[in-house]
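Enquirer: no sequence on this one, just coordinates:
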Ligand SMILES: C[S@@+](CC[C@H](N)C(=O)[O-])C[C@H]1O[C@@H](n2cnc3c(N)ncnc32)[C@H](O)[C@@H]1O
């Protein structure tokens, strides 16, 4: 992000690493060997294999501080490289969203709301570990059924949104249709086969959701969408499906290779709306 020019992307759509350590080599290795660490492998109670989930509840105060520092730097770069009126749409989770949203707001971006993805996850809902029978009526945390995505906008540079749209192509969201504005609630189940077969990334986002967001975030269907933590490329595949321009960066070479192979095929997948 630091290498990009100021005012050079029209939207940022991303799902960042939330514990920061979870994608470091040590924890990556544990996840890939199915050994846990920060990654919990959920039970396979219906015969289908579950994707690993990071356990954000195990973060130490020092790791939380690191998270804070990381997102402050991220938010600074975001508001620098977005064109005026450009939006950041950032995936979070109910445990850590306050940290990242606060960093985004204090960087000078405007909070414009949250997109709530309705999704049944395997996060939370467990009985107390080692005492499941004794406390069979207790869930330590709620089973999570939603995912917040922060919606932030770099302030417009012109007097009105209309003028900003003319100058930069940004400032608002593309409507769903003439009758329907862009909405802040969206139901999208976790990515499954065939998407998961093409892109077996532990945090793969479904095309149904990514196409909804990427379409919405370029109000005039022009400009460049950037995903700085692109993983297996679900944001870029969504843009390709919609005929929009997108760029991405990814630190892990295995995921980058996965993205190169998956993007053209993911972009062709038909989804039910
Ligand atoms: C939550 S995943 C994104 C998954 C993606 N949305 C998808 O559908 O495949 C976050 C990604 O950020 C990558 N990452 C972590 N730190 C990074 C960094 N400093 N720069 C770029 N990518 C990074 C991780 O390797 C991981 O693939």
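Expert: Received the coordinates, thanks. Everything numeric in this text was worked out from a predicted model, so none of it was measured.
Enquirer: mind listing the helices for the stretch 151-273 of the chain?
Expert: For the stretch 151-273 of the chain, the helices defined by DSSP state H, counting those that start in this stretch cover 161-168, 195-198, 207-217, 234-242, 253-266.
Enquirer: which secondary structure element of this protein has the lowest mean pLDDT?
Expert: Counting by mean pLDDT, DSSP states H and E, the chain has its least confident helix or strand at strand 39-40, which shows a mean of 70.
Enquirer: so where is this protein shaky, pLDDT-wise?
Expert: Where the chain drops to pLDDT under 70, the residues are 19-23, 35-39, 41-50, 58, 273.
Enquirer: residues of it that sit close to the ligand?
Expert: Counting by CB under 6 Å from any ligand atom, the chain comes close to the ligand at 15-17, 23, 201, 203-205, 229, 231-232, 234, 249-252, 255. For the C-beta atoms, the positions are set from N, CA and C on the backbone; glycine is no exception.
Enquirer: and among the helices of the stretch 151-273 of the chain, the most buried is which?
Expert: Mean neighbours per residue, mean count of other CB atoms under 10 Å, is largest over those for helix 234-242, with a mean of 26.
Enquirer: ok so, going back, list only buried entries from the residues of the chain next to the ligand.
Expert: 15-17, 23, 201, 203-205, 229, 231-232, 234, 250, 252, 255 (16 or more other CB atoms under 10 Å).
Enquirer: what about residue 113, which helix or strand?
Expert: Per DSSP states H and E, residue 113 falls inside strand 110-118.
Enquirer: which other helices and strands does that strand contact?
Expert: helix 97-106, strand 146-153, strand 185-187 (3 or more CB pairs under 8 Å, 6 or more residues apart in numbering; DSSP states H and E).
Enquirer: direction included, what does that strand pair against?
Expert: Strand 110-118 sits in its sheet next to strand 146-153 (antiparallel), strand 185-187 (parallel), going by DSSP bridges.
Enquirer: how about those in JSON lines, adding mean neighbour count?
Expert: Shown next, in JSON lines, are those (neighbours: other CB atoms under 10 Å):
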{"stretch": "strand 146-153", "mean neighbour count": "22"}
{"stretch": "strand 185-187", "mean neighbour count": "13"}
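Enquirer: redo the ones you listed as JSON lines? Include distance to residue 114.
Expert: Shown next, in JSON lines, are the strands paired with strand 110-118 (distance: least, CB to CB, whole Å):
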{"stretch": "strand 146-153", "distance to residue 114": "5"}
{"stretch": "strand 185-187", "distance to residue 114": "10"}
